[in-house]
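**Student:** coords please:
(2 chains)
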Amino acid sequence: EAEVAQSPRYKITEKSQAVAFWCDPISGHATLYWYRQILGQGPELLVQFQDESVVDDSQLPKDRFSAERLKGVDSTLKIQPAELGDSAMYLCASSLAGVEQYFGPGTRLTVT
Amino acid sequence: KQEVTQIPAALSVPEGENLVLNCSFTDSAIYNLQWFRQDPGKGLTSLLLIQSSQREQTSGRLNASLDKSSGRSTLYIAASQPGDSATYLCAGGFQGAQKLVFGQGTRLTINP
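**Tutor:** Below is the predicted model of the structure:
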């Protein structure tokens, strides 16, 4: 069964450092989402791509976060510089027609 | 603003009981509702997707319903088992946006 892949699974970094996460969606899924989930809360959308284009990045802290999906397949989310409040689970999801979303295992980020 | 709420935040029941998890949403212009399961430190596993034209969906011991007029969805779990222990999240997809708006989740514990 096809799955969304994410790496790394865990990342510990010091504040002010740069960190990057990678996501490979299910093959053929044009829509890709990055969500952030703070412990004890539901995920919140950071950015949504349709192919290589950003559809919604209204909740992305653009002063420190960036996301790209250059060839419309895999995607990278970057944080620079990381802050203590960025500690969270970063989840990637994909969908075929914008209906049912399939999630990857997530990257657990700890900023010290 | 579209909001999704799940109450209670935590629920503990003995093994074998049938139980209902609740989800409410503020915007009746919902086009689908998705229920997920999340094990500690893991990603989200999709359980059921209900389209706005449907009233319920079933998968094994799980049954989810959607009532747009009252702004409510329920997830019914029959004959609960210790392996059902996890956090259950509901998420709404609303017209005009493909992103999912999540509730805070209900942490379910099934006691042997």
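
**Student:** when you work out contacts or count neighbours from here on, use the C-alpha atoms and nothing else.
**Tutor:** Noted.

**Student:** how about the residues of chain A near chain B?
**Tutor:** A:33, A:40-45, A:48, A:91, A:98-106, A:108 (C-alpha under 8 Å from any C-alpha of the partner chain).

**Student:** pLDDT value on B:A97, please?
**Tutor:** On the pLDDT scale, B:A97 is placed at 68.

**Student:** next: A:G72.
**Tutor:** At A:G72, the pLDDT value in this model is 86.

**Student:** now swap in the one 4 residues further on and tell me
**Tutor:** A:T76 carries a pLDDT value of 98.

**Student:** ignoring the adjacent residues along the chain, who's closest to it?
**Tutor:** Nearest residue to A:T76, sequence neighbours excluded (C-alpha to C-alpha, 6 or more residues apart in numbering or on different chains): A:W22, at 4.6 Å.

**Student:** for the one you found, which three-state class applies?
**Tutor:** State at A:W22, reduced to three classes by DSSP: H, G, I helix; E, B strand; the rest coil: strand.

**Student:** ok, what's across the strand from it?
**Tutor:** A:S7, A:T76 (DSSP bridges).

**Student:** pull the contacting residues for it.
**Tutor:** By C-alpha atoms under 8 Å, 6 or more residues apart in numbering or on different chains, the contact list for A:W22 reads A:Q6, A:S7, A:P8, A:D74, A:S75, A:T76, A:L77.

**Student:** for these, work out which two are farthest apart.
**Tutor:** Largest separation among those by C-alpha to C-alpha: A:P8 and A:D74, giving 14.1 Å.

**Student:** ok, back up a step: adding neighbour count and distance to B:G92, write the contacts of A:W22 out as JSON lines.
**Tutor:** Written out in JSON lines, the entries for the contacts of A:W22 read as follows (neighbours: other C-alpha atoms under 10 Å in any protein chain shown; distance: C-alpha to C-alpha, whole Å):
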{"residue": "A:Q6", "neighbour count": "23", "distance to B:G92": "24"}
{"residue": "A:S7", "neighbour count": "17", "distance to B:G92": "27"}
{"residue": "A:P8", "neighbour count": "15", "distance to B:G92": "28"}
{"residue": "A:D74", "neighbour count": "20", "distance to B:G92": "25"}
{"residue": "A:S75", "neighbour count": "22", "distance to B:G92": "24"}
{"residue": "A:T76", "neighbour count": "17", "distance to B:G92": "26"}
{"residue": "A:L77", "neighbour count": "19", "distance to B:G92": "24"}
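
**Student:** which of those residues lies closest to A:L84?
**Tutor:** Ranking the contacts of A:W22 by separation from A:L84, with C-alpha to C-alpha as the measure, puts A:L77 on top at 17.2 Å.

**Student:** roughly how far does the closest one sit from A:Q6?
**Tutor:** With distances defined as C-alpha to C-alpha, to the nearest Å, the gap from A:L77 to A:Q6 amounts to 11 Å.

**Student:** joint contacts of those two?
**Tutor:** When C-alpha under 8 Å, 6+ apart defines a contact, the residues bordering A:L77 and A:Q6 alike are A:F21, A:W22.
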